[in-house]
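J.: Any chance you could fold what I've pasted below:
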Amino acid sequence: MLTLALIGLAGCQKESKTLEPAQRTSEKTDVAPIWEYDYNTDLAVRKRMPATEDLSAANLITLLNHHHKEVSLSFVKVSSDTIFVRVDDATVLTQQMGSAGAAEFMAIVTYTLTELPGIAKVHFEFEPGDHATPGTYDRDFFERAARNLR
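T.: Numbers count the residues shown, from 1 in each chain. Presented below is the predicted three-dimensional model:
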């Protein structure tokens, strides 16, 4: 049922395209994170190269949700070089993780999802709060932020 809803959402967008196989998760998906946050440098650090069969929106979102159970992501669509994701209940992200925790989460999501071929940006949809703001982010955003902290 959820798969049909995702297909329907993707199909309704004239500018959007699906990432194959965006609606099916591979049973071989490695559960180790691809990126982790290094608080010493305020940057995401690659922990492993993703396997080719892991490179679908559904697989990467499942992986992120596995490692960040407190903040659940759902796929919305892909348009041009941007993947759109939704945080349905953003209370933990915006009110409980603090600014550093929210920045870590959004950086890890951005770095992980921009592993997808053709994807350079992640657009987050959620209700804004004290520690996080929705919008479109790319790797450069987090790298600039880390340079400004030094």
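J.: Quick check: the gap between Asp130 and Leu113.
T.: 24 Å (CB to CB, to the nearest Å). Using the backbone N, CA and C atoms, a C-beta is placed for each residue, glycine as well.
J.: show me where this structure has strands.
T.: 35-38, 43-46, 73-79, 82-87, 121-125, 135-138 (DSSP state E).
J.: which one of those lies closest to Ala107?
T.: For the strands of the chain, the distance to Ala107 is smallest for strand 43-46, at 4.9 Å, taking CB to CB.
J.: Could you verify my assumption that Tyr137 touches Met106?
T.: Yes: assessed by CB atoms under 8 Å, Tyr137 is found in contact with Met106 at 6.2 Å.
J.: Pull up the overlap in contacts between the two.
T.: Common neighbours of Tyr137 and Met106, using CB atoms under 8 Å, 6 or more residues apart in numbering, are Phe124.
J.: excluding its backbone neighbours, what's nearest Leu43?
T.: Ala146 (5.0 Å; CB to CB, 6 or more residues apart in numbering).
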